[in-house]
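Peer 1: Give me the fold of what follows.
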Amino acid sequence: MVKMTAENSNTEEKKIVENTAESKPPKKKKDPRDRLYKPEHQLFVLNSSPHDFKGASVPKIMWHVIIALVPTTAMALYYFRLPALLLILSCMVACLVTEVAINLLKGQKPTVRDGSAVITGLLLALTLPPTFSITSAVLGSIFAIAVGKQVFGGLGYNIFNPALIGRAFLQASFPVAMTTWQLPFVGFDGISAATPLGQFKFEKISTPLMPLLTGNSGGSLGETCAIAILIGGLFLLIKRYADWRIPLSFIGSVFVVGGLFWLINPASYPNPVFLILSGGLMLGAFFMATDMVTSPITPAGSWIFGIGAGILVVIIRFFGGLPEGVMYSILLMNAVTPLINRYTRPKFLGEVRK
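Peer 2: From the prediction side, this is the model:
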């Protein structure tokens, strides 16, 4: 009797185990596509450009440009003392006041916090002779903001570099004052003299390269010290606030084209290193030609812009009536920037050009 009871219990246990095994669902095979896409973890965000969320903003970029101009400004103050300080402050204040006044007239919030007006005033002052009149500098600053910037709609809409527009206005209005230069006060007592470019063009007198590097030569406030300009320019390139293609192609084209003329006739044309270090080439290449608003936005366009500006500089310096041509070369290339952008833009995805 006991034996039969044990067998019955074993049979019941086997049935329970079998029922339990049958109740478990079979294991599903893993779909390999689950490794590629999981909607609950990957969300697609659809919005317009820009898609760079690194914290860059217009005020941040503008104030970094101002920081990059500190070495050049410091050397201008060192060499030209009080006249340089008065010119810089006058231009900056005039630009700020003009910006606020136009904002109020247009019923807009003041935009002076973005730093663009400060840069315009500082760059304009650095392109002026140290003996230039304060009143004339203020007029040029007003023109730079009102006509060079605000008449087009404000920052981001201007076609030409505002600081260069202001300088072009002063060049046309006060040609004698804009071509009257003074040697630095360091080692001299405010002696008037021609710029190195002017001395070579009209008198065939060459200036040693060391004064051009250190800034101890005649010229505009911010164009004499090539080392200071290079330090600030490299800072902008490292921070990627300037397209390296533009200054490289600008300076490189001046070196190549100017070097060809020098090789053909060294007595009539200066050596290419002198061309690069003298005048406003370095300042223009790093701080004016690289203006984000008025320069091309495509890599190929940047090369075209820089090469075109460099060739124009050499042509104006060698064959024009003025010893300098950086201002006009950049403004002319600003005028064709929309055309450059149009013909150098990359193809859209799936686009077939005729």
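Peer 1: in stretch 242-251, what counts as buried?
Peer 2: 242-247, 249-251 (16 or more other CB atoms under 10 Å). Glycine gets a C-beta too; all of them are placed from N, C-alpha and C.
Peer 1: nope, stretch 111-128 is what I meant
Peer 2: For stretch 111-128, by 16+ other CB under 10 Å, it's 111-112, 114-128.
Peer 1: How far away from the center of its chain is stretch 335-343?
Peer 2: With CA atoms, centre = their mean, to the nearest Å as the basis, stretch 335-343 stands 17 Å off its chain's centre.
Peer 1: Any buried residues in that stretch, and which?
Peer 2: For stretch 335-343, by 16+ other CB under 10 Å, it's 337, 340-341.
Peer 1: Reformat the residues you listed as JSON lines; add distance to residue 175.
Peer 2: Formatted as JSON lines, the buried residues of stretch 335-343 follow (distance: CB to CB, whole Å):
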{"residue": "337", "distance to residue 175": "27"}
{"residue": "340", "distance to residue 175": "31"}
{"residue": "341", "distance to residue 175": "34"}
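Peer 1: and the residues you listed, which of them are in helices?
Peer 2: Counted as lying in helices by DSSP state H, out of the buried residues of stretch 335-343, are 337, 340-341.
Peer 1: Check what pLDDT residue 69 gets.
Peer 2: We have a pLDDT of 95 for residue 69.
Peer 1: what's it sitting at in phi/psi?
Peer 2: phi -90, psi 0 (degrees, to the nearest 10).
Peer 1: How about the contacts made by it?
Peer 2: Applying CB atoms under 8 Å, 6 or more residues apart in numbering to residue 69 gives the contacts 119, 122-123, 126, 222, 232, 287.
Peer 1: One more: residue 99?
Peer 2: Taking CB under 8 Å, 6+ apart, we find residue 99 in contact with 110-112, 117, 145, 150.
Peer 1: make it 7 Å
Peer 2: 111-112, 117, 145 (CB atoms under 7 Å, 6 or more residues apart in numbering).
Peer 1: which residue packs closest to it, ignoring adjacent ones?
Peer 2: residue 117 (4.2 Å; CB to CB, 6 or more residues apart in numbering).
Peer 1: And for residue 216?
Peer 2: Nearest to residue 216 is residue 184, by CB to CB, 6+ apart, at 5.6 Å.
Peer 1: The one you found: what secondary structure?
Peer 2: What DSSP: H, G, I helix; E, B strand; the rest coil gives for residue 184 is coil.
Peer 1: And it, how far from residue 206?
Peer 2: 19 Å (CB to CB, to the nearest Å).
Peer 1: cool, residue 177 as well?
Peer 2: Residue 177 is 27 Å from residue 206, by CB to CB.
Peer 1: For the two, work out which one has more neighbours and name it.
Peer 2: residue 177 (16 against 13; other CB atoms under 10 Å).
Peer 1: doesn't residue 135 make contact with that one?
Peer 2: No: using CB atoms under 7 Å, residue 177 is not in contact with residue 135, being 10.7 Å away.
Peer 1: Just the closest of the ones in helices among the buried residues of stretch 335-343 to residue 300, please.
Peer 2: residue 340 (8.4 Å; CB to CB).
Peer 1: all helices of the stretch 151-300 of the chain, in order?
Peer 2: 162-173, 175-178, 196-203, 209-214, 226-239, 245-264, 272-277, 281-283, 299-319 (DSSP state H, counting those that start in this stretch).
Peer 1: what's the fourth one in contact with?
Peer 2: Right, helix 209-214. Counting by CB under 7 Å, 6+ apart, 196, 217, 225-227, 273-274, 277-278 sit against helix 209-214.
Peer 1: just how off-centre is that helix within its chain?
Peer 2: 25 Å.
Peer 1: in it, what's buried?
Peer 2: 209, 211-214.
Peer 1: quick check: mean pLDDT across that helix?
Peer 2: 85.
Peer 1: Same question for the longest one.
Peer 2: Across helix 299-319, the average pLDDT comes to 95.
Peer 1: on that earlier part again, filter the contacts of helix 209-214 down to the buried ones.
Peer 2: Counted by 16+ other CB under 10 Å, these give 196, 217, 225-226, 274, 277-278 as buried.
Peer 1: element containing residue 122?
Peer 2: helix 116-126 (DSSP states H and E).
Peer 1: And the helix or strand just after that helix, what does it pack against?
Peer 2: Using DSSP H and E, the next helix or strand after helix 116-126 towards the C-terminus is helix 134-146. Applying 3 or more CB pairs under 7 Å, 6 or more residues apart in numbering; DSSP states H and E, one finds that helix 134-146 makes contact with helix 70-105, helix 116-126, helix 162-173.
Peer 1: Please identify the most buried of those.
Peer 2: Most buried of the helices and strands packed on helix 134-146 by mean neighbour count (mean count of other CB atoms under 10 Å) is helix 116-126; its value is a mean of 27.
Peer 1: what comes into contact with that one?
Peer 2: Residues outside helix 116-126 that contact it (CB under 7 Å, 6+ apart): 62, 65-66, 69, 72-73, 76, 87-88, 91-92, 94-96, 99, 137, 140-141, 144-145, 155, 162-163, 166-167, 220-222, 283, 287-288.
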